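> the following block contains a protein sequence and its predicted model.
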Amino acid sequence: METVIFACVHNAGRSQMAASIFNSLADPNRASAVSAGTQPAERVHPAVLDVMREEGIDLSTAKPRLLTEQLARGASMLVTMGCGDACPFVPDLERRDWPLRDPKDQPLDVVRSVRDQIRGRVIALLRERGWSGDALRSSGSLAR
């Protein structure tokens, strides 16, 4: 079982979307995702809640959390979300950076665009690693 950490500074937007999309499309016997941040916010951005609800994903109970050594210890990959020098670094983890616009205080159309970019990147990662779940394998509609 592989664990991917999606991380950004506040863990209130991009990383929350990425982990939830990943978990909705991954084979749960092969991989799962968590999200975290280096300076967690108090809550997930309201616009992120709205655009994820449009996709049938409820993040209303999601809470931003700190990226800790303990959390990173069991992971195999760290995907940072375009936070530049503020992105976390975790030794011994494969790291990728997805340079994506921060959805904070953006209009819904921009947040939807970020969500859709994240979905495309998650799908590519799942297919590359052979972690795709039944929902992704059987439904082209999720791959948009």
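Cool, the structure landed.

> just the strands in the chain please.
Defined through DSSP state E, the strands belonging to the chain, from first to last, are 2-8, 31-37, 77-80, 94-97.

> for the residue nearest to the spatial centre of the chain, what are its contacts?
The chain has A18 as the residue nearest its centroid, 1.9 Å off, counting by CA atoms, centre = their mean. When the contact criterion is CB atoms under 8 Å, 6 or more residues apart in numbering, the partners of A18 are 6, 33, 35, 79, 81, 98, 118, 121-122. Where C-beta positions appear, they are placed from N, C-alpha and C, glycine not excepted.

> looking at the residues you listed, which one is closest to G130?
Using CB to CB, V122 comes nearest to G130 of these, at 14.1 Å.

> my guess is the closest one meets L25, correct?
Yes - the criterion here is CB atoms under 8 Å, and V122 meets it with L25 at 6.5 Å.

> higher neighbour count, the two?
V122 (27 against 24; other CB atoms under 10 Å).

> show me the contacts for the more buried one.
Going by CB under 8 Å, 6+ apart, V122 touches 18, 21-22, 25.

> let's see it at 6 Å
Residues near V122 by CB atoms under 6 Å, 6 or more residues apart in numbering: 21-22.

> in the protein, where is pLDDT below threshold?
Counting by pLDDT under 70, the chain shows low-confidence ranges at 86, 88, 135-144.

> would you list every one of the helices in it?
14-25, 46-54, 69-73, 108-129, 134-138 (DSSP state H).

> out of these, deepest packed?
A comparison of these by mean neighbour count, using mean count of other CB atoms under 10 Å, puts helix 14-25 on top with a mean of 26.

> quick one: that one to strand 2-8, angle?
Put simply, helix 14-25 runs at 150 degrees to strand 2-8, going by axes from the mean of the first three to the mean of the last three CA atoms, to 10 degrees.

> picking that back up, of the strands of the chain, which is nearest D109?
Proximity to D109 (CB to CB) singles out strand 2-8 among the strands of the chain, at 20.6 Å.

> excluding residues flanking it in the chain, which one is nearest P40?
Nearest-residue entry for P40: P64, 3.7 Å, with adjacent residues in sequence omitted and distances by CB to CB, 6 or more residues apart in numbering.
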